[in-house]
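K.L.:
fold the following for me, if possible:
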Amino acid sequence: MAAVPVKKAVFPVAGLGTRFLPATKAMPKEMLTVVDKPLIQYAVEEAAAAGIEEFIFVTSRGKGVLEDHFDHSPELMAALADKGKDEMAAAIKSWLPAAGQVISVRQPEPLGLGHAVWCARHVVGDAPFAVLLVDDLIHADQPCMAQMTAAYEQVGQNLVLVEEVPAAQTNRYGILDIAEDQGDFVKVKGFVEKPDPKDAPSNLSIIGRYIFQPEIFDFLAAQGKGAGGEIQLTDAMARMLTSQQFHGVRYQGERFDCGDKLGFLQANIALGLSRPEFQGRLREFLDARLKAETVS
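P.N.:
This is a model prediction of the structure:
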């Protein structure tokens, strides 16, 4: 039986972004730009390229600008038309979702990632859905969520994106306990949230992309608190393993942790170098700068 297509995606975007203060004092961290696009736009475009048709933002106070970014702006379009910037106007229209495709729900308290996903339950309904964490910007020839939906069509049920991390860093991630390594796929027998390196069952970590069957909400409904006193998505996934299979999916591409200042800077440099209009001059600047730093 063919898997039910994934047409909905949840974007947990309620966090305060305190690691980027003062930049995020009045602006959501998801609106920080890598080259010329905010992080939230990269994530939404990635989901759209995978056939996602409904984009569900789980927000909090002060996040209205995220909705505004994906709304039609008559004033802007009129200004661009008056200045003859038709190409720029067309470019904006090309990535704007259609009416009704962007939906927002509130996470009233910062109770963790699991709680944020649970807040979207009524909008998702009884359908498989994706979850994208905006902090993980993945630069790839084939959009990462499209890689995941292709894998979903093969194995069905539940998927998590995975990559190997240094063994000493397992306490920063959700880690897989592996039943069978099948190359592109990993059959999962357990999950451990941020284990101490000496207790980690592997160094294969969960990255910020998921595909779930709707039954995950039943396990999140328990509202049990885990690591950090928060409702952990990984804990609900571990309980769900008693009734459904999970696979880890390895991906082709490069991930940048844009929830970290260094990762954010690296993303700007890497994606800037990938753009034909910037790469020559940016490379010259970087070469000159590095030479100057070496001399000094």
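K.L.:
part of a strand, is residue 104?
P.N.:
Yes - secondary structure assignment places residue 104 in a strand (DSSP: H, G, I helix; E, B strand; the rest coil).
K.L.:
contacting residues for it?
P.N.:
For residue 104, the set of contacting residues under the criterion of Cβ atoms under 8 Å, 6 or more residues apart in numbering consists of 56, 57, 58, 59, 63, 66, 67. (Each C-beta comes from the backbone N, C-alpha and C, glycine too.)
K.L.:
what lies in contact with the helix or strand hosting the first one?
P.N.:
I take that to be residue 56. Element membership for residue 56 (DSSP states H and E) is strand 54-59. Residues outside strand 54-59 that contact it (Cβ under 8 Å, 6+ apart): 7-14, 44, 47-48, 63, 66-67, 70, 97, 101-107, 116-117, 119-120, 123-124, 129.
K.L.:
mean confidence score for the lengthiest helix in the chain?
P.N.:
Selection of the longest helix in the chain by residue count, based on DSSP state H, yields helix 276-295. This predicted structure assigns helix 276-295 an average pLDDT of 90.
K.L.:
the residue lying closest to residue 207 once chain neighbours are set aside bridge partners, please.
P.N.:
Nearest residue to residue 207, sequence neighbours excluded (Cβ to Cβ, 6 or more residues apart in numbering): residue 161, at 4.3 Å. In this structure, residue 161 bridges to residue 207, residue 249 when assessed by DSSP bridges.
K.L.:
residue contacts, residue 161?
P.N.:
Under the criterion of Cβ under 8 Å, 6+ apart, the contact list for residue 161 reads 144, 148, 206, 207, 208, 209, 210, 248, 249, 251.
K.L.:
if we use 6 Å, what do you get?
P.N.:
Contact partners of residue 161, counting by Cβ atoms under 6 Å, 6 or more residues apart in numbering, are 207, 209, 249, 251.
K.L.:
what about the third one, how many residues nearby?
P.N.:
Just to be clear, that refers to residue 249. Taking other Cβ atoms under 10 Å as the neighbour definition, residue 249 ends up with a count of 23.
K.L.:
list the residues that contact it.
P.N.:
Under the criterion of Cβ under 6 Å, 6+ apart, the neighbours of residue 249 are 148, 151, 159, 161.
K.L.:
try it again at 8 Å.
P.N.:
Under the criterion of Cβ under 8 Å, 6+ apart, the neighbours of residue 249 are 147, 148, 151, 159, 160, 161, 162, 184, 185, 186.
K.L.:
what's the answer for residue 261, then?
P.N.:
With Cβ under 8 Å, 6+ apart as the criterion, the residues that contact residue 261 are 19, 20.
K.L.:
can you start the count at 37 instead of 1 from here on
P.N.:
Shifting the count to begin at 37 puts that one at residue 297.
K.L.:
circling back to that earlier point, after the strand holding residue 92 comes which helix or strand?
P.N.:
helix 100-105.
K.L.:
what about that next one, average pLDDT?
P.N.:
Helix 100-105 shows an average pLDDT of 91 in the prediction.
K.L.:
cool, and stretch 79-94?
P.N.:
pLDDT averaged over stretch 79-94 equals 96, rounded to a whole number.
K.L.:
now do the buried residues in that stretch.
P.N.:
If you call a residue buried by 16 or more other Cβ atoms under 10 Å, then stretch 79-94 has these buried ones: 79-84, 86, 88, 90-94.
K.L.:
one more: stretch 182-190?
P.N.:
182, 183, 184, 185, 187, 188.
K.L.:
cool, stretch 168-183 as well?
P.N.:
Neighbour counts using 16+ other Cβ under 10 Å place 168-175, 179-183 of stretch 168-183 among the buried residues.
K.L.:
what is the nearest of the contacts of residue 285 to residue 207?
P.N.:
Taking Cβ to Cβ as the measure, residue 198 is the one of the contacts of residue 285 closest to residue 207, at 16.8 Å.
K.L.:
I'd say residue 246 and residue 193 touch.
P.N.:
No - under the criterion of Cβ atoms under 8 Å, residue 246 makes no contact with residue 193, lying 11.9 Å away.
K.L.:
of those two, which one has the most company?
P.N.:
residue 246 (23 against 16).
K.L.:
not counting its neighbours along the chain, what's nearest the more buried one?
P.N.:
Spatially, and ignoring its direct neighbours in sequence, residue 246 is nearest to residue 167 (4.2 Å; Cβ to Cβ, 6+ apart).
K.L.:
tell me who's in contact with the one you found.
P.N.:
For residue 167, the contacting residues are 45, 46, 47, 48, 153, 244, 245, 246, 247, 248, 269, by Cβ under 8 Å, 6+ apart.
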